[in-house]
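K.L.:
give the three-dimensional model of this entry:
(4 chains)
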Amino acid sequence: MARMKFLCDAERCIECNGCVTACKNEHEVPWGVNRRRVVTLDDGVPGERSISVACMHCTDAPCAAVCPVDCFYTTDDGIVLHDKDLCIGCGYCFYACPFGAPQYPQKEAFGVRGKMDKCTFCAGGPEDDGSAAEFEKYGRNRIAEGKLPICAEMCSTKALLAGDGDMVADIYRERILKRSTRPQTWGWGVAYKADS
Amino acid sequence: MKLTKKRDLSPDGTASPLKGILGSAIDRRTFLRRTGLAVGGGAVAGAIQPVMMRRAEAVEAKAAGDVEVRKSVCTHCSVGCGVVAEVQNGVWVRQAPDFDSPLNMGGHCAKGASVREHGHGERRLKHPMKLTGGKWKQITWDEAIAEIGDKVLNIRERSGPDSVYWLGSAKFSNEQAYLFRKFAGLWGTNNVDHQARICHSTTVAGVANTWGYGAMTNSYNDMHNSKAMFFIGSNAAEAHPVAMQHILRGKENGAKMIVVDPRFTRTAAHADQFMRIRPGSDVPLIWGMLYHIFENGWEDKEYIKQRVFGMDKIRAEVAKWTPEEVEKVTGIPGSEVKLAAQTMAENRPGTIVWCMGGTQHTIGNNNTRAYCVLQLALGNVGVSGGGANIFRGHDNVQGATDLGILSHTLPGYYGLAEGSWKHFANVWGVDFDWLKGRFDTGYIDTREGSEEGIGGLPFDNPMNSAGIPVSRWIDGVLEDSRNIDQRDNLKAMFFWGHAPNSQTRGPEMKKALETLELVVVVDPYPTHTAVLPDRQEGMYLLPAATQFETYGSVTASNRSIQWRDKLIDPLFDSLPDHTIMYKLAKKLGFADELCKNMQVNNEEPLVEDILREINRGMWTIGMTGQSPERLKLHLANKHTFNTTTLLAEGGPCDGDYYGLPWPCWGTPEMNHPGTPLLYDTSKSVADGGLNFRARFGVEYEGKNLLAEGSYSKGAEIKDGYPEFTADMLKQLGWWKDLTAEEQAAAEGKNWKTDLSGGIQRVAIAHGCAPYGNAKARAIVWTFPDPVPVHREPLYTSRRDLVEKYPTYEDRKSHYRLPTRYKSIQDQDKSVEYPLILTSGRLVEYEGGGEETRSNAWLAELQQEMFAEINPVDANNAGIKDGQWIWLEGAEGARVKVHAMVTERVGRGVVFMPFHFGGWYDGKDLIDKYPEGAAPYVRGEAANTAFTYGYDSVTQMQETKATLCKISAA
Amino acid sequence: MRKVTLTLLIVASMALGGCYESTDITLHDPGVYRGGSDPLLAKQASPEQRARLGERFQMGQTDR
Amino acid sequence: MAEQANTTLNRRDSRRSKRVLFLTLALLLLGTLALPLTGYLVTGVSSVEAAAAQQDASSNPRADYWREVREGNQGVTTTQGPEAGILIQNGGQNWRQIRQGPVTTYGAIGLGVVILMMVIFHVVVGRAKLETRTGKTITRWSMLDRVLHWYVAILFIILAITGISLLFGREFLIPVLGKEGFAAFAALAKPVHDYLSLFFTAGITIMLLKWIGQNIPNAADVRWILSGGGYFGGKHEPAGFVNGGEKVWYWILFIGSTAMIGSGIFLLFPNLDWTREAMQNANIIHGISGLLVIAGSIGHIYLGTIGNEGTLEGMVTGEVDEQWAKQHHALWYEEVKGSTSSAGGAARPSPAAPHE
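P.N.:
Numbering: from 1, shown residues only, chains lettered A, B, ... in the order given. Next comes the predicted model:
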C-alpha cells in the first residue's frame, strides 16, 4: 500500500520560502496562518541547514490522538485530514504535534482560536472534492486532481519531496549515493517510524 | 449537518460603488472582494492582525467559464522561471508549476510562487494621480498626458531636451525596452538609463572589454557540468534561488563549491569552502589566488598563448600579492586562499559566479576584470562547465541592457558615435539629420578638461556624449549647472519602473526630488518616489500594467529569450508601458517616427512588430534571429529541450537551443540555433560555437591581438581574423556567395551594419564568427586601470592601506558630471564611523521591493527592516537583538531599523537589506501614499545611509563598502 | 426515598464517572479509516489514480 | 398545643427539606445529562448516527516511539508564529502521554471510586438523620453567604460538566451523540467553560476569602477527623461552626481552585504568547486539579444533601434546626446559645468570630 510522505532534503533546502508562498497562493491561506514554514538551524555559522516543515502526516498522529472531538481522519495512503466542522479550536493538537503544524486563524483572550488549520497534503477535507466549500475551508484538493502537494512541486531546488513514500525514498537514496553522505531523512523517525 | 454557516457566494454581496470605477469589461468580483477585505490586513506592518483575509472564490462557479492555461515568465529575477497561469473569466485564478520549462522545471522561490498576487493587485496604484496641494487627486489619462506633455515641452524650450531625464526599467519587456531607448533618442537626449547601471554595469564594461560581450557566458543549466564553482559577491540562494537547483546538481555531480562573501549566507551554508572577505578587497583575493596558480604553474599555458593577451602584465601585478599581503588586505588566511586556488586548479572546468558584491564598488570594473583574468588563466572560458556565470538581477535586465536603456549606448551596444546613430536612423526609417536636430545642437562642450574614457569624450553634439547615469541623477539636479556638460540642470524626471530607494545618498535624493520641476512615476506601484519628497505640486503617478498584463519577450541571464503570453487584461486604469510611450510620444509630436515600422492598434504598438524591428537592427549581439514566430514556437515546445544542454531533442524546435540565446546570428530564416556557451570553439559557429571577439583592433603596441592557432570548429580561416566587412569578404573571395540583393545591401557595410545579414550568413557558412577571432585581453588600456589593481573604498576603515592603495584623483567630467574620489577618501571618517556597512538581498523581496512588499504572501514573511550586526559589535554598542537602533552612514544620513544580532556578519561589518522603503528619518510615510496603495510592509531605505562613491568607468554606485555607526534608538 | 436517591446516585455516578477512556490511544493506522465521509477516499483507492500520482511525481520532482 | 404545632412545623419542614433535596438532585442530574444535548439545539438535527462509529480499541504498539524524539533546537525562521523556530518538540508527546494516561485513567477511576464510596457509605452507614427536630432554628448562613455559595456552586457544576466533557467526551459522549452532535455540544461547552470561568474565579475568590477565617484548623478539628466525624459509630466529637471535614473540603477547594485558576489563565489567554510547554503543563495541572475538586465536590454534595439531614436547608434557607446544630456543631451551638440566651429568639452566628 502506497503511503504518502514528505521529505525535506536538507542538503538542497536553501530557505527560499517558495514552498511557503506556493502553499499560501494555492490555498489562499490567510495572513497569520502558515501551513508550512522553513526553519534554519545554526543560522549564520558553518553547519547551517534549513528544513521546510509542515504537517508530516504521521502514522500515529498525536493530533488525532488528543483531539477531544475526534475530528481527524486518515486516508488509506496515510494523509491525516481533519474536519473543520467538528473542530472547536481547543488547541490540544497544537500542544501535541511535534512539528508545530496546527495553526489557528485567531489567538485571542478567552481561548478564542478559531478552527484549526493545517497542511492537508493538498488533499482538501471531507467536503466534495473540488467544491467551493472544500476550497473555502481546506484549500484545493490537488490529490483528487491527480497532482501532488504544490510546495513540493514548486520547490526551487527539488529539496522538498512529496508523494509515495517508496518513490520519495528511491530518489533520496540515489542522491545519497551520488553524494556519498549519510542519509538524514529528517523527521521520518518521528513521523513514520513504524512503517519505514 | 455542518455547523459553520456557508458564506454567501452570490456576487450581489460586493460593494457596488467600486464596480463603476473598474468598469465591466471583465468580471473582477474576486479582486473587488479582496480589495475591500484587504483594508483590515494592511495596517501598520508590525501590527498586522491575523485578520482572516478571506479566500478568493477562485473555484466558485465552475460553470462560469473555461479555465485557460497561459504561460509567462516570472518577473522577479533573471533565472527566467516559467510561470503557468490558469485564467478564468479574465481572472488569474491559479498558478501551476511549469514542469516543462528547462530553466526551472517547475521550481519557484518565494517570489515566483506568489506572482499570482500581481493578478489581483490590491495595493496597486489604480488610477493616474496628480499631486495638488500636497494631496493625491485622481485624474484621467488624457488629462495626465496633456499636463505632463505641456510641462515637458516647456522645459525643453527653456532648458533643452537634456533637462528631461528618462529613467527606464529592467522590468520592461525587450520590446518596451527598445521602444523606450528609441523614445529617448527621438526626444533628443542620452539622459536615459535603467537599473543595469547600478547592478551590473561594471560587469558589462569589464567583461565586454575583456572578451567581447558583457554577458553571462554559459548558463545556469550548464553548471551541472562544472567541477568547481567559485561564488564571489553572489548569494544565489537568496538572489537567484532557482539557480541553486542547477548549482546543487552540479555539486552533487562532484563539483567543489567555494563561496567568498563578507557574510555567511544561505549560499555559503552549502559551500565546501567559505572565505569571509573584507568588503571591497576582491582584487587582492583574486590576485592572491593567481599568485599560487602562477607559482605552481597551474595556469593553462597553451590556452593563454593562443587566446589571451596581456597576461604577462597581470603576472607582474600578481607577484606583489604575496599570501601575507593578501591576508593583511582581505582578512583571509593564506592557507585558505591557497586551498581555493588549488581547488580551482585541480577541478577544471570551473566556473565563477559574481553579483553585486563584486560590481558595486568604485573599482567594480577592476573586480570584474580580475575575475575574468582568473578564469582566463585557468583556461575556463569557452568550455562547458566553465565560464563566467554572471547572474543578473531583474527578469529582463539583460534584455534592457542589450536594448540600450543606457546613457552611453544605443540598442545592441552600438556606441554613441555618428555611425551608430546613422545605423539606427536607417533601421528606424527616420532621417538622420532630423534625428540629429532633435538634440540640443546649440550646446557644444567647449570647456577644457573633459576627460577621456567611457562617458567623457569631448563632443560636438550631446547626441554623442554619454548622458547622466541613473546613479548620478541627483547631481544632475543639484550640481551647479556650470559644472555639468549640458545646457542646464535636470528639471524633470520620469521614474518609469524604477524605485529611488535603490540609490544611495538619501538626504540629497530627497532634496533633488523636491528641487525638480516635474516628477512623473510610471509604475504599477506608487514606489518610494511618491512619498519621499515633501512636495505640494508637480508630481504625477501613472499606473503601468505589469508584465503579466501584456506580452512580449524577455531575456534571461543566460541570454535565452522567452516569450510571455498576456495572462490577464491590465488591472484598474493601468496601461502597458508601450501604450503609455505611444500616448506620450503623440503628445510630444514624434509618435509617427516612433512607430513608423509598427502597426498601432488603439494606441498600442504591436509588440511583434517591435521585435521585428529589433531583429532588423541588433546585429552586434545577434539578436536578429529571434523572430516572434520562433520564440512562440519555443514557448509551445518547452518540454522538448534538454535540461542540461538546453538543446531541443526532436520536435518542431529540433537543434535549437532554448530561447535562442544570443548571438543567434543572421536573419530568422537562417535558422541559427543560438549560442548556449559563448566562445566555445568545440562547436562550429553555425551550431552555436564561437571564439573571442575581435573588438579592440588587430594589434596593440606592436603585438598581435588576434587569436593564434585557435578557432572554432570548422572555420576555414584556421587562425585569428578581424571582424568581417564587405571588403574583407571580397579579399577572401567570398563576396560572390552573397545574393544580388545582399550584395546591394552589404556594399560598404560591415557585419554590424549590413541590414540584409548577408555578411554574417556568408562568414558563418565558412565556419567563421562574424565578429572576428581574437584574443581576450587581460589588460584594458582604455580604462583608468589597465591592469586591475586594488584601491581602497572611499570610506574605508583601513586607513593604514590608503597610502599604498589610494583611490583615483577627482575628475572634472565623467558622464557630464564632476566625480570625486580622492577628496573624499582624504577625510578620515573611520574613527567616528568605525563599522563597515554593506547591503544585499532578501529572498522574499526584490529591488526597491514595492511590488513584493505589496504582496501579502511575501510581506508576511519579512515584516521589518533590520540590520545584521555581529554580537561583538552589538555588545560594544549596548544593543540587544530585536531592538530599535539608529544607523548613521558616514555622510550623516541615518536610518531607524531593528537590530538583528547574528553571526552571519563578521566582526566590524553591518549588513542591511535594500528592499525597504516608505520610511524616512525614522518616520513611516504611510500617509503620503495614495489611498489604498501603501505596501503592507514599509521600512527605512538602506540606501539612505549609503554614501558617495562611483565606479571609475561606469558610475556604478558604491553600496557594498562604506562606513557607519550604530546606537540604540 | 432511599431507593430513589440510590438509583439517582447510581445514574449520576455513571453519568459522571462512566467517562472511562482507554489509555490505549486511538490509532489511525494507514488503511484503517475512521472518520467522516470524504469522497477522496474512494478515489484514492483506484489504481488509475495511483498511477497518475506516480507519473506526476516522476515529472515534477525528479532531476530531469 | 405548642407540641402539636411543633410537630406540624417539623413535618412541614421535613417535607420541604425533602423537596429541596429532591429538586437539587434532579437539577444536578438533568444538568449532567441534558447539557451535552444542547448541541442538538444548534445543529437542529436529531439523527444520532454515531452509534455506528466503530471503535478502534486496538492498543498502541508504538508506545515508545516518541521516546526517541530528540530535543528540538530553536532555529531561525521568517514565519511568524508561536515557536515557529522549533522543528520538533517532544513536550507534546509527554503531554499526550500524561493527559491520555494518568490524568484520564486515574481521573476516571478516581471519580468512579469517589462515587462508589459514597454509594457504599450510603448503603452501609446511611443517612445521618436528625434525632428529632426541635422546630427552633438558628441562623447559620447569611443571605450573602448563601448567594455566594449557590453562585459558585452553579458555575462550578457547569464548568465541571463542560470541563470533563472535553476530557472524557470523546470516549463517552461521541458514541452516544455522534461526532457532529458532540462537536456541537463541545463547541458550545468550550466557550461556556472559557467565559464562565471568569465569573467563577471572581465568585470563588470572594467566597474563599470570606470564609478563610472560620476554616483555620484547630485541635478540635483533629479530634473530629480522628473520630471519623462520628459517621462510623463512636462518639461525635464536638465541632465548631465548621467541622474538621468541612475544613478539609475548604482547603481542597482552596488549593484545587487556586491551581485551576492559575493554570486556567495559561489556557484562557493564548494571546499572551505563552510557550507551548507552559500551556502543556498548565493543561495537565488544570486537569488534575479539576478532577480533584470535582471528586471533592461529589463528597460535598453527597454529605450536604442526602448524607446529612438538615444540612441543605441551612444553605437554602439560612436556618438550621437547633437539633442539627447540636448534633453536628456542638461547640458552635453552645457558643450561639451562650451568647444569645439573654436575647432569646433566633440566634445569630457571629461570622467574624465563630468560635474562640
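K.L.:
so B:Glu299: helix, strand or coil?
P.N.:
At B:Glu299 the chain is in coil, as set by DSSP: H, G, I helix; E, B strand; the rest coil.
K.L.:
and the helix or strand harbouring B:Phe274 with chain A, contact?
P.N.:
Using DSSP states H and E, B:Phe274 sits in strand B:273-276. Yes: in terms of C-beta under 8 Å from any C-beta of the partner chain, part of strand B:273-276 sits within range of chain A, namely B:Phe274. In short, each C-beta sits where N, CA and C put it, glycine included.
K.L.:
list the buried residues in that strand.
P.N.:
By neighbour count on 16 or more other C-beta atoms under 10 Å in any protein chain shown, the buried set for strand B:273-276 is B:274-276.
K.L.:
which residues in chain A form helices?
P.N.:
Secondary structure of chain A (DSSP state H): helices at A:18-27, A:62-66, A:92-96, A:132-138, A:150-153, A:165-179, A:188-192.
K.L.:
the third one vs chain D: in contact?
P.N.:
Which is helix A:92-96. Yes: judged by C-beta under 8 Å from any C-beta, helix A:92-96 comes into contact with chain D at A:92, A:94-96.
K.L.:
put the buried members of the residues you listed into a PyMOL selection.
P.N.:
Entered in PyMOL, the line below selects the buried ones among the residues of helix A:92-96 next to chain D, by 16+ other C-beta under 10 Å:
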select buried, chain A and resi 92+94+95+96
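K.L.:
how many other residues sit next to the residue in the stretch 51-200 of chain D that chain B sits nearest to?
P.N.:
Nearest residue of the stretch 51-200 of chain D to chain B (C-beta to the nearest C-beta) works out as D:Thr78 at 4.3 Å. Neighbour count of D:Thr78, defined by other C-beta atoms under 10 Å in any protein chain shown: 22.
K.L.:
mind checking how far it is from A:Gly187?
P.N.:
20 Å (C-beta to C-beta, to the nearest Å).
K.L.:
ok, now B:Trp886?
P.N.:
Taking C-beta to C-beta as the measure, B:Trp886 falls 42 Å from A:Gly187.
K.L.:
tell me which of the two has more neighbours.
P.N.:
The neighbour count for B:Trp886 versus A:Gly187, taken as other C-beta under 10 Å, is higher for A:Gly187 (21 against 17).
K.L.:
who are the contact partners of the more buried one?
P.N.:
If you count contacts by C-beta atoms under 8 Å, 6 or more residues apart in numbering or on different chains, A:Gly187 has them with A:6, A:8, A:51, A:53, A:56, A:99, D:87-88.
K.L.:
out of those, who's the most crowded?
P.N.:
Using other C-beta under 10 Å as the neighbour test, the contacts of A:Gly187 are led by A:Cys8, with 30 neighbours.
K.L.:
so does whichever strand or helix holds D:Glu180 get close to chain C?
P.N.:
Element membership for D:Glu180 (DSSP H and E) is helix D:174-211. Yes: counting by C-beta under 8 Å from any C-beta, chain C has neighbours in helix D:174-211: D:Lys179.
K.L.:
next: stretch B:634-645.
P.N.:
Yes: Stretch B:634-645 is in contact with chain C by C-beta under 8 Å from any C-beta, via B:Thr643.
K.L.:
all set, thanks.
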